[in-house]
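Q: Below: sequence and its predicted model.
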Amino acid sequence: MLKNKLIYKTIAVFMAVAVLLIAAFGIISVYCVTSRFENEFEEQTDAAVSGGLGAAVQSVMSSTDREFVKQYEIENLIRDYTAQLGLGQNRKCYILAAPGGEIAAPTYLMQDSLTKTPNMVDALERHTKGGSAGSGGDVLDYAAYLAPLNDTAGDYVIYVTDNKNELHGVVNILLIIMLWMLLLACLLSAGAAVYVSRSVTQPLRKLARRADSFARGVYDMPSDLNRTDEIGSLSQAFNHMGRVMSKTISQMGADKHKVDVILEHITNGIMAFDTDQKLIHINPAAAELLDITEEDIPLFDEFFDKLDAGVCMAEFTYLDKYSSEIRDIIYNGKHIRIYFVPFKMDNDRTAGIVCVFEDFTEQFNLEVARREFVAEVSHELKTPLFIIKTHTETLLNGYLDDKAILKKFLTTIESEADKMTELVRNLLDLSKFDVQKFSMKKQVFSIEDMLRGIVSRFALEAEQNDIKLELVAVSELPQMYADPIQIERAIVNIVSNAVKYGRKGGYVSIAAGSMYNEVYIKVKDNGYGIPKSDLEHVFDRFFRVDRARTREKGGTGLGLSIAKEIIESHGGTITIESEYGKFTNVIINLPTATTK
């Protein structure tokens, strides 16, 4: 875990660099000290031998003096050159006899045991002269051959050797100094590494916390790093990125909210599925239309298989169908049209399907009603036209001279023509109501006088049908401001139906009164009544409760439709209460108008 920390990596790197530098410095220092020591050794010995020591030794050893005299003189010579040669406990000077290499002088060193070195061998055997200093392993030595001055003299070698103890002491001191320097360098490098790493890691930690805040959705928390280096530039980049992300996320949130609001308030149902067939979104209109919740929706194929839509996700994901598909279904009595629209990702691969549900039940019913309307109009016109045509052909085929038949047929033709005229007039009035272009000629009139006139108008017909027709004024009726012709037309249609289709021996009661600035008119009869299943359709155009009986009486099925349009165009209401086989009660409510 520690190796993953930047501070420890930095300390390790700094210490490694410090160790390498100190080690390199130590190696170079040891090398320089050793080289200097060897060079000084060679220069000193070579200068001494060349400067007179060699000649003096050569002269003494070649003399005919007695041996102890020679030894005495050699010892004096060596003593004289002790300072120049640096002789001492660690460095000694020998006079060796060639070619065997025995110690010839001085006598106080004859007990020493010398190991032959390459320099010694070269001087003894090859008779080299001076400048032959070498490290020779554990010792540093110098050997110079001295040629005899006469034929009776022997061959000798001046041999100077140093056991390097002084050099080793200096090197050891140098190594100790290097160790202390190394320890100090490690401490300094560790401190520098901590400082450098903290100067880097602390702002990086702050930037990391800033990145974490981005992940949590907090984008407007600026970094407080006041630096002008690369880390400062990085901090400024983070601040800029935070501002841009905050602005972008806010815009995305606003766009998403806008889309959500649109989807929630759009009238069409919308559902979205991904390529894994899982539901992504459903708006309230779709949930209400299909009477489901988001938790009730299974995978795409299973869901639309239950709806009997005849589609599957594979059609869009594997067959690369990018055009929309349309399916019409019937669900819970509703006619629903489904549009399947694939949507893509950036790489043009299908990412899912958007399903748009359109409830066209009303349009379907309107189309059915339109077709029925055309059929009804055609049928209503067909019968009188057929009668007119047959009666006309009959007259043209030889009955024009028969006055009785001619009058009868012409009366029938006129009656059927009046029916067609009335039908066409009613249809034209209804179309004007549909487009709200029906003109009203409003004026002040007495609704009570109008009702009495209607009762007088249907009195004879009611008497012929053995129906009791009466007007009951519950309270004093106020004056009204409306179109009296249209109001009378609506009430006449209702009273006409009650009288025309009433039960013999029954009654038709017209009650009127006023309450809360409204006039109510109730037309009640104890006729055949209306089945409960037909009550919601009685105001539909061309609707007849009993078609056979209605055609027999000459009805077209438009009377109540026109009455409803007239009453509602005056701001009133009309309702029907009925129990099949017992009674029918039509209630009209109209607002009074005391002022124009």
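A: That came through, no problem. Numbers count the residues shown, from 1 in each chain.

Q: so where do the strands sit in the stretch 51-200 of the chain?
A: 91-97, 102-105, 140-146, 156-162 (DSSP state E, counting those that start in this stretch).

Q: Would you mind confirming that residue 359 makes contact with residue 336?
A: Yes. The pair residue 359 / residue 336 is scored as a contact, 5.7 Å apart, by CB atoms under 8 Å. The way it works is simple: take the backbone N, C-alpha and C, and place the C-beta from them, glycine included.

Q: could you redo the strands of the stretch 51-200 of the chain as CSV and give each row mean neighbour count, distance to residue 476 and mean pLDDT?
A: Below are those laid out as CSV (neighbours: other CB atoms under 10 Å; distance: least, CB to CB, whole Å; pLDDT from 0 to 100):
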stretch, mean neighbour count, distance to residue 476, mean pLDDT
strand 91-97, 22, 157, 87
strand 102-105, 19, 170, 83
strand 140-146, 26, 152, 86
strand 156-162, 25, 154, 87
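
Q: What is the subsequent helix or strand relative to the longest helix along the chain?
A: Scanning the chain for the helix with the most residues, using DSSP state H, yields helix 165-215. The helix or strand immediately downstream of helix 165-215 is helix 230-265, counting by DSSP states H and E.

Q: Now do the longest helix of the chain against strand 140-146, angle only.
A: Angle of helix 165-215 versus strand 140-146, following axes from the mean of the first three to the mean of the last three CA atoms, to 10 degrees, is 140 degrees.

Q: which one of the strands of the stretch 51-200 of the chain lies closest to residue 262?
A: strand 140-146 (99.5 Å; CB to CB).

Q: for that closest one, the distance to its chain's centre please.
A: Centroid displacement of strand 140-146 relative to its chain, using CA atoms, centre = their mean, to the nearest Å, is 91 Å.

Q: ok, now stretch 143-155?
A: Its chain's average C-alpha position is 105 Å from that of stretch 143-155, according to CA atoms, centre = their mean.

Q: what bits of the stretch 301-450 of the chain have low per-residue confidence?
A: Filtered on pLDDT under 70, the stretch 301-450 of the chain yields the residue ranges 319-322, 346-348, 430, 434-435, 437.

Q: Which stretches in it count as strands?
A: In the stretch 301-450 of the chain, the strands defined using DSSP E, counting those that start in this stretch lie at 325-331, 334-344, 350-359, 443-446.

Q: Out of those strands, which is closest to residue 284?
A: Between those, strand 350-359 lies closest to residue 284; by CB to CB that is 12.0 Å.

Q: Would you map the helices across the stretch 1-150 of the chain?
A: With DSSP state H, counting those that start in this stretch as the criterion, the stretch 1-150 of the chain has helices at 6-48, 54-62, 67-80, 82-85, 118-126.

Q: Give me the contacts around stretch 468-483.
A: The contact list for stretch 468-483 (CB atoms under 8 Å, 6 or more residues apart in numbering) reads 440-448, 451-452, 455, 458-459, 462, 487, 499, 506-515, 519, 570, 590, 592-596.

Q: excluding its backbone neighbours, what's nearest residue 581?
A: With sequence-adjacent residues excluded and distances taken as CB to CB, 6 or more residues apart in numbering, residue 581 is closest to residue 529, at 5.1 Å.

Q: Am I right that the one you found is in a strand?
A: No. Judged by DSSP: H, G, I helix; E, B strand; the rest coil, residue 529 forms no part of a strand; its state is coil.

Q: Wait, it touches residue 579, no?
A: Yes. Using CB under 8 Å, residue 529 is in contact with residue 579, at 5.5 Å.

Q: Tell me which of the two has more neighbours.
A: residue 529 (20 against 13; other CB atoms under 10 Å).

Q: roughly how far apart are that one and residue 490?
A: As judged by CB to CB, to the nearest Å, residue 529 and residue 490 stand 21 Å apart.

Q: I'd like the distance from residue 506 to residue 462, if you could.
A: Residue 506 is 10 Å from residue 462, where distance means CB to CB.

Q: what about the two, which has more around it?
A: Using other CB under 10 Å, the more surrounded residue of residue 506 and residue 462 is residue 462, with 22 against 18.

Q: Please read off the pLDDT at that one from the model.
A: The per-residue pLDDT reported for residue 462 equals 87.

Q: List the residues that contact it.
A: 468, 469, 499, 502, 508.

Q: quick one: the fourth one and residue 520, what's the gap?
A: Residue 502 sits 21 Å away from residue 520 when distances are taken as CB to CB.

Q: quick one, domains of the protein?
A: 2-170, 220-265, 267-359, 364-434, 443-591 (automatic domain parsing).

Q: how far does the longest one sit from the chain's center?
A: In terms of CA atoms, centre = their mean, the centre of domain 2-170 is found 86 Å from the chain centre.

Q: same thing with the shortest one?
A: In this view, domain 220-265 has its centroid 15 Å away from the chain centroid, taken as CA atoms, centre = their mean.

Q: And the last one, by the same measure?
A: Relative to its parent chain, domain 443-591 has a centroid offset of 65 Å by CA atoms, centre = their mean.

Q: contacting residues for the most centrally placed residue in the chain?
A: By CA atoms, centre = their mean, the chain has its centre lying nearest to residue 252, at 9.5 Å. Contacts of residue 252 were listed using CB under 8 Å, 6+ apart, and none were found.

Q: go with 10 Å
A: Contacts here follow CB atoms under 10 Å, 6 or more residues apart in numbering; on that basis residue 252 touches residue 245.

Q: and the gap between it and residue 272?
A: Distance from residue 252 to residue 272, by CB to CB: 18 Å.

Q: again, but for residue 233
A: 43 Å.

Q: Residue 535 is in contact with residue 580, isn't it?
A: Yes. With contact defined as CB atoms under 10 Å, residue 535 counts as touching residue 580 (9.4 Å).

Q: who has more neighbours, the two?
A: In this view residue 535 and residue 580 are compared by other CB under 10 Å, and residue 535 has more residues nearby, 18 against 15.

Q: you'd agree the more buried one is in a strand?
A: No. Judged by three-state DSSP, residue 535 forms no part of a strand; its state is helix.

Q: hmm, who's touching stretch 185-196?
A: With CB under 10 Å, 6+ apart as the criterion, stretch 185-196 contacts 6-19, 21-22, 25, 178, 201.

Q: Kindly supply the ChimeraX command isolating those of these that are buried.
A: Selection of buried members from those for ChimeraX, criterion 16 or more other CB atoms under 10 Å:
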select :10,11,14,15,18,22,178,201
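
Q: Could I get the full set of helices for the stretch 301-450 of the chain?
A: Secondary structure of the stretch 301-450 of the chain by DSSP H, counting those that start in this stretch: the helices cover 314-317, 361-394, 403-434, 447-464.
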